[in-house]
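**Q** structure for this input, please:
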Amino acid sequence: MASHVIVLDSSTLIRVEHDTNRRQFTVKLNGSDRALLLYDYVGKKTVDLQHTEVPEAYRGRGIAKHLVKAAMDFVVDEGLKAHLTCWYIQKYVKENPEPQYLQHVLEAP
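**A** From the prediction side, this is the model:
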């Protein structure tokens, strides 16, 4: 299981973990709570980034954007193409039009 570590500020650390077997990125929160991003392969080199979920008590803290960044970095690093089914992931990519991300995004049919 790979992981990315993101420092929000000097006192906050977010670790995004990638479980390739379960096809998900997660951030462990307090107790058993966790935020997640789910994806699936829809072709040999194509993934569908399907869903992000952050528990209500943790929303608005930027956790989902770190999940999306980790997922998009994975897509780029693996040379994959991505369908963006999740509205939040679509929004993130639109608001952060990084060329390395855009060249891996498949347009919606």
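
**Q** alpha carbons only for contacts and neighbour counts from here, please
**A** OK.

**Q** who does the helix or strand Glu17 falls within pair up with?
**A** Assigned by DSSP states H and E, Glu17 falls within strand 12-19. The sheet places strand 12-19 alongside strand 2-9 (antiparallel), strand 24-28 (antiparallel), with pairing taken from DSSP bridges.

**Q** centre of the chain to that strand, how far?
**A** 11 Å (Cα atoms, centre = their mean, to the nearest Å).

**Q** so which bits of it are buried?
**A** Ile14, Arg15, Val16, Glu17, His18 (16 or more other Cα atoms under 10 Å).

**Q** which residues pair with the closest residue to the last one other than its chain neighbours across the strands?
**A** When you say that, I think you mean His18. Spatial nearest neighbour of His18, excluding adjacent residues (Cα to Cα, 6 or more residues apart in numbering): Phe25 at 4.4 Å. Going by DSSP bridges, Phe25 is paired in beta bridges with His18, Leu37.

**Q** so where is the protein shaky, pLDDT-wise?
**A** Along the chain, segments meeting pLDDT under 70 span 1-12, 108-109.

**Q** would you map the helices across it?
**A** 63-77, 87-95, 99-102 (DSSP state H).

**Q** roughly how far apart are the most centrally placed residue in the chain and Gln90?
**A** The centroid of the chain falls nearest to Val68 when counting by Cα atoms, centre = their mean (2.6 Å). Per Cα to Cα, to the nearest Å, Val68 is found 10 Å from Gln90.

**Q** again with Gln103
**A** 14 Å.

**Q** still on that earlier bit, export the buried residues of strand 12-19 to TSV and append columns for distance to Leu36.
**A** Output for the buried residues of strand 12-19, formatted as TSV (distance: Cα to Cα, whole Å):
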residue	distance to Leu36
Ile14	13
Arg15	12
Val16	9
Glu17	9
His18	10
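
**Q** closest one to Asn30 out of these, please.
**A** Nearest to Asn30 among these, counting by Cα to Cα, is Ile14 at 11.6 Å.

**Q** okay, Asp33 and Glu53: tell me how far apart.
**A** Taking Cα to Cα, one finds Asp33 at 11 Å from Glu53.
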